[in-house]
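Student: Task: produce atomic coordinates for the following.
(2 chains)
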Amino acid sequence: MKEISELNLPEDVGYTEDHEWIRVENDEAAVGITDYAQDQLGDIVFVELPQPGDALGKGEEFGTVESVKAVAELYMPIGGEILAVNTALEDSPGLVNTNPHSDGWIIRIKQSDPDELNALMNKETYLKMLEGVA
Amino acid sequence: MRYLPHTDEDIALMLRVVGADTLDDLFSTIPDDCRRRRDLDIPAALTEWELNGLMDALSNSVAISPEYKLFLGAGRYDHFIPASLTHLLGRSEFVTPYTPYQPEMSQGTLQAIYEYQTLAARLLGMEVSNASLYDGASALAEALLMAIRITRRKRVAVSSLIHPYYRQVVQTYFSPTGLEIVELPYLENGRTDLSRLDRLDGLAAVAVQSPNFFGCIEDLAAVGEKSREKDLVFITSFTEPLAYGLLKNPGSQGAHIACGEGQSLGIPKWFGGPGLGMFAGKMKHVRSMPGRLVGKSTDKDGRNGFVLTLATREQHIRREKATSNICTNNSLLALAAAMYMASLGGTGIRELSKLNHDKSEYLKQALEKAGFKVCFESPTFNEFVVEFPANFETTYERLLEKKVVAGIPLTPYFPELAGRYLICVTETKTKEEMDLLIEELGK
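Tutor: Here you go, the predicted structure:
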């Protein structure tokens, strides 16, 4: 497992306490799990994806990631409608391990309330939280 | 590993090692006010002779002597069990192993389950079978819950011709959940009325049993068609898997889940249990499947080996989010079924299945010739419903005295069907026995 200093966490995303990240591009956003989350889970063998068109509130479950040792639920960092899911993960779920913050994105959403973004952590705060839990 | 009781010396030695004086010292952490002061109110231990006497008396009070001719089915079937099976099943490797969490120690157990899964999936025409559940009834309830997980809808349609006990178990599972069960009525021909499905919205699944509780073979293809049209999970339940030696299997008719009781496959009736819950489905739904699953893999040297697989669905890992609170299986009985299917082989199962059907048809026709009415016109396998005249109870009693049990009355389960009896004929019934039944009925 990685030390906290070894984590590769980008600056341009918001972080949640449940270890999702969200990258906002205009009124759309991409969502995935953080380098810390994928490292804790280990080899990911399956990602259960939602249906495009589903509308979910902040904190609602949108899918699961299954590793060889555990299954973890995925929670919406903010509310919104699912625009697209990363179908590449059906055949290559390992992308979540290798590129958690880029090719390993999980869903794209259209945000319903931009104010919800204010509650997210930046990299610095997220790292502080991890130091608290690590 | 053998299970031998500890001697007083063993116990004294173990107590010395852990530094305790008495067995009670091991429970010293339990607070005083949580302890029971009195001894348990149970009878004193019996000697082996006394115990044998007691068990014989108990057994005679509930079991029926083997000389009775039972024309009884309705979920438990009288089939011959090869002696080889009884012998093999008694081997301690099979009787005593613990759950195979440690694959390097449990290849035999794991391979046995894998073979069962393979044979069960083939018999039912499905892509993947689990390692078994408790019995046919809980397998049906689990199948309905699985359909709800897959579709995220909250109501299911269940045929009223599914075994009444199975439907009760489903009720028990569903009653605290807020999920809804709709019963589909039956038609005059002895099959499920599917027309109601058109008037129901938000259904997750439709479940039918074939052959159904009246012994009638359901039109599974029509149910398959309807479930495709309505985008439902199609569940085929069964109480008599031997029927699929002759009939088209559920998978070929479009079933997404096939589940039922495997008692017919080499397991004695045992006064109603334990049974074997068979459960098979489609690969695309495997992550929603309840229960344990054994997979084939390779070790680091490339040799074949067997492991528990997709265990992240299971309760010991996934806690309250598990697909089911059952994360065990009826391994020994699954093994019995695997041995039974392997002993008979495809051809043997087909022949035995045909024998059941032919014998049952013989009695059915003989009853009709003798003037009794066979109630439903749909084809049957080894069970069918007959209407007997109003004073039949006395005949039934007279037959009992001659050690013949002429089926079960349907009234307790279907009050509208007074005078109708469900009759079952398996390979264990001879022509002479059937002729005797006809002769006595004619008196």
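
Student: Give me the contacts around the helix or strand harbouring residue B:50.
Tutor: Using DSSP states H and E, residue B:50 maps to helix B:48-62. The contact list for helix B:48-62 (CB atoms under 8 Å, 6 or more residues apart in numbering or on different chains) reads B:46, B:271. For every residue, glycine as well, the C-beta is placed using N, CA and C.

Student: Can you name the next helix or strand after it?
Tutor: Next along from helix B:48-62, by DSSP H and E: strand B:69-70.

Student: Spell out which parts of chain B neighbour chain A.
Tutor: B:287, B:312-313, B:317-318, B:321 (CB under 8 Å from any CB of the partner chain).

Student: before we move on, back to that, got the buried residues for the helix holding residue B:50?
Tutor: Within helix B:48-62, no residue is scored as buried using 16 or more other CB atoms under 10 Å in any protein chain shown.

Student: re the thing from before, helices - which of the residues of chain B next to chain A land there?
Tutor: Among these, the members found in helices (DSSP state H) are B:317-318.

Student: Just give me the closest of the residues of chain B next to chain A to residue B:97.
Tutor: If you rank the residues of chain B next to chain A by distance to residue B:97 using CB to CB, residue B:317 comes first, at 21.3 Å.

Student: Which residue, other than its chain neighbours, is closest to that closest one?
Tutor: residue B:311 (5.8 Å; CB to CB, 6 or more residues apart in numbering or on different chains).

Student: Surely the one you found touches residue B:323?
Tutor: No. Between residue B:311 and residue B:323 there is no contact under CB atoms under 8 Å: 11.0 Å.

Student: Of these two, give the one with the bigger neighbour count.
Tutor: A count of neighbours by other CB atoms under 10 Å in any protein chain shown puts residue B:323 above the other of residue B:311 and residue B:323, at 21 against 18.

Student: distance between the helix holding residue B:50 and the chain's centre?
Tutor: 27 Å (CA atoms, centre = their mean, to the nearest Å).

Student: swap in stretch B:158-171?
Tutor: 13 Å.

Student: try stretch B:15-28
Tutor: That offset, for stretch B:15-28, works out to 44 Å (CA atoms, centre = their mean).

Student: Looking at residue 16 now. What's its pLDDT?
Tutor: Went with chain A since none was named. Residue A:16 is assigned a pLDDT of 96 by the prediction.

Student: Correction: the question concerned chain B.
Tutor: At residue B:16, the model reports a pLDDT of 96.

Student: What backbone torsions are found at it?
Tutor: Residue B:16 adopts backbone torsions of phi -60, psi -40, taken as degrees, to the nearest 10.

Student: and it, how many residues sit next to it?
Tutor: 10.

Student: how far away is it from residue B:5?
Tutor: 19 Å (CB to CB, to the nearest Å).

Student: what do you get for residue B:198?
Tutor: 63 Å.

Student: which of these two has more neighbours?
Tutor: residue B:198 (10 against 6).

Student: residues from chain A in reach of chain B?
Tutor: Proximity of chain A to chain B, by CB under 8 Å from any CB, involves residues A:46, A:48, A:66-71, A:73.

Student: 6 Å instead, please
Tutor: A:66, A:71 (CB under 6 Å from any CB of the partner chain).

Student: for chain A, what's the longest helix?
Tutor: Longest helix of chain A, by residue count under DSSP H: helix A:123-133.

Student: What of chain B?
Tutor: Assigned via DSSP H, chain B shows its longest helix as helix B:331-369.

Student: Closest approach to chain B from chain A, which residue is it?
Tutor: Distance from chain B to each residue of chain A (CB to the nearest CB) is smallest for residue A:71, at 4.5 Å.

Student: what sits against that residue?
Tutor: Contact analysis of residue A:71 by CB atoms under 6 Å, 6 or more residues apart in numbering or on different chains lists A:64, B:312, B:318.
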